[in-house]
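Q: Build me a model:
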Amino acid sequence: MRFDGRENNQIREVKFTKNYVKHAKGSVLVEFGDTKVLVCASVEEGKPKWMPKDEKRGWVTAEYSLLPASTNVRCQRERTKLSGRTQEIQRLIGRSLRACVDLEKLGERTVTIDADVIQADGGTRVASICGGYVALCEMVKNLMSEGLLLEDPIIEPIAAISAGIVDNEVVVDLCYEEDSNAQADSNIVLTKSGKIIEFQSTAEGEPFDKEQLDKIFAYAKNAIDKIIAMY
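A: Just a heads-up that it's a prediction; the model follows:
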């Protein structure tokens, strides 16, 4: 049994509360156990300035932050300079969501996904990706109902989960206690059809073998299937 009593292949309780914010085009409060992230989707007419004028497509980007009281020791707001960790997570969220969107069907619009961690207990980046997908879908639904989008640009659902090796056992959906003591740490993003968007896996101490890697993927795929079914 794990730190919180789960089986090795068991995810925490996952919950999505849609339309959590009044003014956002799409929003959701996503909960993975004690990890809680507020994710909002905002849309601006017009593509990014860096995009060539002859390209008739939109863009999806992301911003991520830990609120000061989200961790057991107050974390400073990143007002002037983003940490390397924050930049890495923002890029991961943006890459993952762009992989499930037909940017030409989106039209010349810029979508920003804001993921604000209210409470952190491991897995904040994967919760942000799952919440980002739900917020994106809510945004698309609203734009289509307003007649601003004629076609649904979502290609297929995606989801993400963490996995790793703790006490020589492969486990999925690590809480903070497990994550801080893991021998290996992985973040996996897949499409509903099982295609890989992202597979980050790092040994924190001793190297691990392919059998363990395959088990990490199998646990992650099973977990992601369950999460997508909750959308």
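Q: low pLDDT regions in this structure?
A: Along the chain, no part satisfies pLDDT under 70.
Q: Would you mind naming the residues that bridge with Ile188?
A: Ile161, Phe199 (DSSP bridges).
Q: wait, Glu138 sits on Ala41?
A: Yes - assessed by Cβ atoms under 8 Å, Glu138 is found in contact with Ala41 at 6.8 Å. In short, each C-beta sits where N, CA and C put it, glycine included.
Q: who has more neighbours, those two?
A: Of the pair Glu138 and Ala41, Ala41 is the one with more neighbours under other Cβ atoms under 10 Å, namely 29 against 21.
Q: which SSE is the more buried one in?
A: According to DSSP states H and E, Ala41 maps onto strand 35-45.
Q: Counting by contacts, list what that strand packs against.
A: On a contact count with 3 or more Cβ pairs under 8 Å, 6 or more residues apart in numbering; DSSP states H and E, strand 35-45 meets strand 26-32, strand 109-119, helix 124-145.
Q: who wins for proximity to Lys47 among these?
A: strand 109-119 (6.2 Å; Cβ to Cβ).
Q: Secondary structure of Leu190: a strand, I assume?
A: Yes - looking at Leu190 with DSSP: H, G, I helix; E, B strand; the rest coil, it is inside a strand.
Q: okay, the helices and strands packed on strand 35-45 in JSON lines with distance to Asn19 next?
A: As requested, these are arranged in JSON lines below (distance: least, Cβ to Cβ, whole Å):
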{"stretch": "strand 26-32", "distance to Asn19": "6"}
{"stretch": "strand 109-119", "distance to Asn19": "15"}
{"stretch": "helix 124-145", "distance to Asn19": "7"}
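Q: Contacts only, for the most centrally placed residue in the chain.
A: The centroid of the chain falls nearest to Ile129 when counting by Cα atoms, centre = their mean (1.4 Å). Applying Cβ atoms under 8 Å, 6 or more residues apart in numbering to Ile129 gives the contacts Leu92, Ile93, Ser96, Leu97, Ile158, Ala159, Ala160, Val189.
Q: let's go with 7 Å and repeat that
A: Shown in contact with Ile129 (Cβ atoms under 7 Å, 6 or more residues apart in numbering): Ile93, Ser96, Ala160, Val189.
Q: Distance check, the spatially closest residue to it that is not a sequence neighbour against Arg79.
A: Spatial nearest neighbour of Ile129, chain neighbours left out: Ala160 (4.0 Å); criterion: Cβ to Cβ, 6 or more residues apart in numbering. From Ala160 over to Arg79 the distance is 28 Å, taken as Cβ to Cβ, to the nearest Å.
Q: ok, the two, which is more surrounded?
A: Legend: neighbour count by other Cβ under 10 Å for Ala160 and Arg79, higher for Ala160 (27 against 6).
Q: these two touch, right, the more buried one and Val126?
A: Yes - using Cβ atoms under 7 Å, Ala160 is in contact with Val126, at 3.8 Å.
Q: Mutual contacts of these two, please.
A: Common contacts of Ala160 and Val126, defined by Cβ under 7 Å, 6+ apart, comprise Asn187.
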